[in-house]
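[1] Provided below are the primary sequence and the corresponding predicted coordinates.
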Amino acid sequence: MDRRRLLTLLAAGGVAGLLGAGEARAEFPFDTGSSGIVPPVPGVTPDFGPKTPIGPGTIQGLPGDGNHMALTIDDGASSETIGGFIDFARTTGARLTFFVTAYYPGWLDHRDALRPMVDSGQIQLGNHTWDHPDLTRLSGGAIADQLNRCKDFLWDQYGVDTTPYYRPPFGRHNAGVDAVAADCGYTVPTMWYGSLSDTNTVINEGILLDAARQWFRAQSIVIGHANRPTVTHIYDQLMDIVRERNLQLVTLNDVLIPPR
């Protein structure tokens, strides 16, 4: 294997590219230090293989066969936790998708640190509304306002068009909500296959790790939240699960061709 290909795989967290698709088939093949974390390789664009075209409509997993996993992080009520996820991505090279609730000040607090990672494609931003209402209880005009305010914020602050992916707060949407969202450019409601269980009334590191062991699987979309700092204490263990199962963390843009 040539050096460029090896570096590309490393930047993607791509031990899976060396070992092939699937879950938990081999040990991590080379020493990466005590934490087992592979630092990102600057200037190297990961290769995730051919992208899959999708049409309009709800998704809750990544289509096709492979060893990809999309770790998606919602809300942002805790500025500390947003910063923790940014540090996690910077240190490990993990690729993440944030579904931003734009009302929370943490998205401005960390803009200067986050924007270069958005510009590089390592972190993708999606729309999670302005201030997290139940969209099924709003009028069409209010739904559009929620999505467009977040959309405009992310364009103004991060220079990105977040269409077509939106995540309805609480996962609640219906045909009426989706029709208004589509008029705003959001044709792909993005749900999830599994959760880190970090919205429970009581959480601890063990609960989060048990959820990760249950739901970190090939071609899954997993939801977490940047609301409480508990998750910031277990990043190494989360990456250990990713590597034990030979998964590649990806953004939605890394592997999907959205509808036009």
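    On my side now, so go ahead.
[2] where exactly do the strands run in this protein?
    Secondary structure of the chain, counting by DSSP state E: strands at 52-53, 68-75, 96-100, 123-127, 165-166, 188-189, 194-195, 220-225, 248-249, 256-257.
[3] Need these in TSV (columns: distance to D236).
    No exception for glycine: its C-beta is placed from N, CA and C like everyone else's. Output for those, formatted as TSV (distance: least, C-beta to C-beta, whole Å):
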stretch	distance to D236
strand 52-53	31
strand 68-75	15
strand 96-100	16
strand 123-127	19
strand 165-166	29
strand 188-189	32
strand 194-195	20
strand 220-225	16
strand 248-249	14
strand 256-257	29
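[4] of these, which approaches S139 most closely?
    Taking C-beta to C-beta, strand 165-166 is the member of the strands of the chain nearest to S139, at 17.5 Å.
[5] Let's test this: mean pLDDT of the closest one, rounded?
    Averaged over strand 165-166, pLDDT sits at 98.
[6] in stretch 84-104, what's buried?
    Within stretch 84-104, the residues scored as buried using 16 or more other C-beta atoms under 10 Å are 84-86, 88-104.
[7] In helices, which of those residues fall?
    G84, F85, I86, F88, A89, R90, T91, T92 (DSSP state H).
[8] which one among those gets closest to A226?
    F85 (5.9 Å).
[9] which residues does the closest one contact?
    Applying C-beta atoms under 8 Å, 6 or more residues apart in numbering to F85 gives the contacts I73, L96, F98, A226, V231, T232.
[10] what's the pLDDT at the first one?
    What that stands for is I73. Listed pLDDT for I73 reads 98.
[11] follow-up on the earlier one: output the ones in helices among the buried residues of stretch 84-104 in TSV; the columns should cover pLDDT.
    Below are those laid out as TSV (pLDDT from 0 to 100):
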residue	pLDDT
G84	98
F85	98
I86	98
F88	97
A89	98
R90	97
T91	96
T92	95
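[12] Let's have these in CSV, adding distance to N253.
    As requested, those are exported to CSV (distance: C-beta to C-beta, whole Å):
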residue, distance to N253
G84, 23
F85, 18
I86, 18
F88, 19
A89, 15
R90, 19
T91, 22
T92, 19
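[13] what's the closest of these to L256?
    Lowest distance from L256 to these (C-beta to C-beta) belongs to A89, with 19.6 Å.
[14] Tell me who's in contact with the closest one.
    Shown in contact with A89 (C-beta under 8 Å, 6+ apart): R95, L96, M117, Q122, I123.
[15] try it again with 7 Å
    Contacts for A89 (C-beta atoms under 7 Å, 6 or more residues apart in numbering) come out as L96, M117, Q122, I123.
[16] If you drop the residues flanking it in sequence, what lies closest to the third one?
    Okay, so that is Q122. Distances taken as C-beta to C-beta, 6 or more residues apart in numbering place R95 nearest to Q122, at 5.4 Å, with adjacent residues excluded.
[17] beta partners of the closest residue to R167 other than its chain neighbours?
    Leaving aside its sequence neighbours, R167 sits nearest to F99 (C-beta to C-beta, 6+ apart; 4.3 Å). Beta bridges link F99 to D74, G126 when assigned by DSSP bridges.
[18] buried set for stretch 54-66?
    I54, I59, G61, L62, G66.
[19] For the stretch 1-150 of the chain, which residues score under the pLDDT cut-off?
    1-45 (pLDDT under 70).
[20] mind listing the helices for it?
    For the stretch 1-150 of the chain, the helices defined by DSSP state H, counting those that start in this stretch cover 3-11, 15-19, 79-92, 106-109, 111-120, 140-158.
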